[in-house]
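Peer 1: no FASTA, just this:
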């Protein structure tokens, strides 16, 4: 399996490198690369009333990079705040059993919640959300185990509570679906 990371807009290169490193630990037999190309954040995805970007619109644009990059999956990483209808925000979104996923770093920063800067916590949250969204591309649903990375994060507290890895059940599914039986 090959995962390519695509930056959408200006994204801290150290964060991208650390997400790549985290993905390589969770998916050890997977090739993970960072694309040289940086995609501009499309203005047509911006909702002026919400002051957020529609994640599904961005996901459709990321999908174009899957074949182009020669990867099985492309993970977009952006700093803009994301939403889907009926939810106030999302940390990310992915095509279920598809090739495209996206995460937003916006709400993963402790300072977004009025807390002091904590680079390591921010990186850990970023890796968790990247693994979570890539899990969806492999066909994993949300897990009931609150410590599993596939547990739905309704708030940043849920993200902080869960592990960076999969529970036993989800891990078995990942291994089967990524060809690592």
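Peer 2: That came in fine, so what should we check first? If you're wondering where the values come from, they're calculated on a predicted model, not measured in any experiment. Numbers count the residues shown, from 1 in each chain.
Peer 1: can you tell me the helix or strand for residue 17?
Peer 2: helix 13-26 (DSSP states H and E).
Peer 1: strands paired with the longest strand along the chain, and their directions?
Peer 2: As assigned by DSSP state E, the longest strand anywhere in the chain is strand 31-39. Sheet partners assigned to strand 31-39 using DSSP bridges are listed as strand 2-8 (parallel).
Peer 1: For the strand it pairs with, buried residues please.
Peer 2: Residues of strand 2-8 classed as buried: 3-8 (neighbour count, 16 or more other CB atoms under 10 Å). Yep, even glycine has a C-beta here, placed from its N, CA and C like the rest.
Peer 1: Just give me the closest of the residues you listed to residue 34.
Peer 2: Among the buried residues of strand 2-8, residue 5 lies closest to residue 34 (CB to CB), at 4.7 Å.
Peer 1: ok, and the closest non-adjacent residue to that closest one?
Peer 2: Excluding its sequence neighbours, the residue lying closest to residue 5 (CB to CB, 6 or more residues apart in numbering) is residue 34, at 4.7 Å.
Peer 1: so the one you found touches residue 18, yeah?
Peer 2: No: the pair residue 34 / residue 18 is not scored as a contact, 11.2 Å apart, by CB atoms under 8 Å.
Peer 1: hey, what's in contact with both of these two?
Peer 2: Shared contacts of residue 34 and residue 18 (CB atoms under 8 Å, 6 or more residues apart in numbering): none.
Peer 1: what's around the residue nearest to residue 5, how many residues?
Peer 2: Neighbour count of residue 34, defined by other CB atoms under 10 Å: 17.
Peer 1: so who does it touch?
Peer 2: Listed by CB under 8 Å, 6+ apart, the contact set of residue 34 reads 4-5, 7, 16-17, 20.
Peer 1: swap the cut-off to 6 Å and go again
Peer 2: Residues in contact with residue 34 (CB atoms under 6 Å, 6 or more residues apart in numbering) are 5, 16, 20.
Peer 1: Do you know the pLDDT at the last one?
Peer 2: It refers to residue 20. Residue 20 is assigned 98 on the pLDDT scale.
Peer 1: how near is it to residue 54?
Peer 2: As judged by CB to CB, to the nearest Å, residue 20 and residue 54 stand 26 Å apart.
Peer 1: for the second one, same thing?
Peer 2: Taking CB to CB as the criterion, residue 16 is separated from residue 54 by 23 Å.
Peer 1: Repeat that for the first one.
Peer 2: For residue 5, the distance to residue 54 (CB to CB) stands at 21 Å.
Peer 1: ditto for residue 48
Peer 2: Counting by CB to CB, the gap from residue 48 to residue 54 is 12 Å.
Peer 1: The two: which has the busier surroundings?
Peer 2: Remark: of residue 48 and residue 54, residue 54 carries more neighbours, 20 against 6, as counted by other CB under 10 Å.
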